[in-house]
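S.K.: the following comprises the amino acid sequence and a computationally predicted model.
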Amino acid sequence: MQIRISWPAGNLTATLDDTPTAQALAQALPLSSTARTWGEEVYFDTGVAVAREAGAREVVPPGTVAFWTDGDALALPYGPTPISRGDECRLASPCNVLGRLDGDPLSLATVRDGDPVRVEPVWNP
């Protein structure tokens, strides 16, 4: 499944794996939220509540689409966060990994704290 994440200065698509969290997110789409930034990570509330999955991870590659179960939020890291060691993308706590951004994750640097964000499914014919 593909989703589009849009904000005033741009948008990215992401390809999600078939996981319980991705399925729960898909049921909630389209959704609108408010972006928050934390170092080089964008996150925002989804209104979706799910349990932490067995494969949840705290350190992920840039461009990972993660779900922060502690905050019911999508977390989109593109570089170091305030708790990273070196250049790693370290999330606030272990997150469910949903998939990967399709484009350059550095475009998330144009997201400003407080920006409106919209997430919608991408329908492929």
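M.R.: That came through fine.

S.K.: strands paired with the longest strand anywhere in the chain, and their directions?
M.R.: Counting residues, the longest strand found in the chain (DSSP state E) is strand 89-101. Strand 89-101 has the following strand partners under DSSP bridges: strand 10-16 (antiparallel), strand 57-60 (antiparallel), strand 64-68 (antiparallel).

S.K.: give the buried residues for that strand.
M.R.: If you call a residue buried by 16 or more other Cβ atoms under 10 Å, then strand 89-101 has these buried ones: 89-92, 94-101. For glycine as for every other residue, the C-beta is placed from the backbone atoms N, C-alpha and C.

S.K.: so which of those residues is the closest to Gly55?
M.R.: Val97 (6.4 Å; Cβ to Cβ).

S.K.: thought Leu25 was touching Leu98, still the case?
M.R.: Yes: with contacts counted by Cβ atoms under 8 Å, Leu98 reaches Leu25, the gap being 7.0 Å.

S.K.: need the residues touching each of those two.
M.R.: 16, 67, 74 (Cβ atoms under 8 Å, 6 or more residues apart in numbering).

S.K.: how many neighbours does the second one have?
M.R.: Right, Phe67. 25 (other Cβ atoms under 10 Å).

S.K.: could you list the low-pLDDT ranges of the chain?
M.R.: 124-125 (pLDDT under 70).

S.K.: which residue ranges of it form helices?
M.R.: If you assign secondary structure with DSSP state H, the helices in the chain sit at 20-28.
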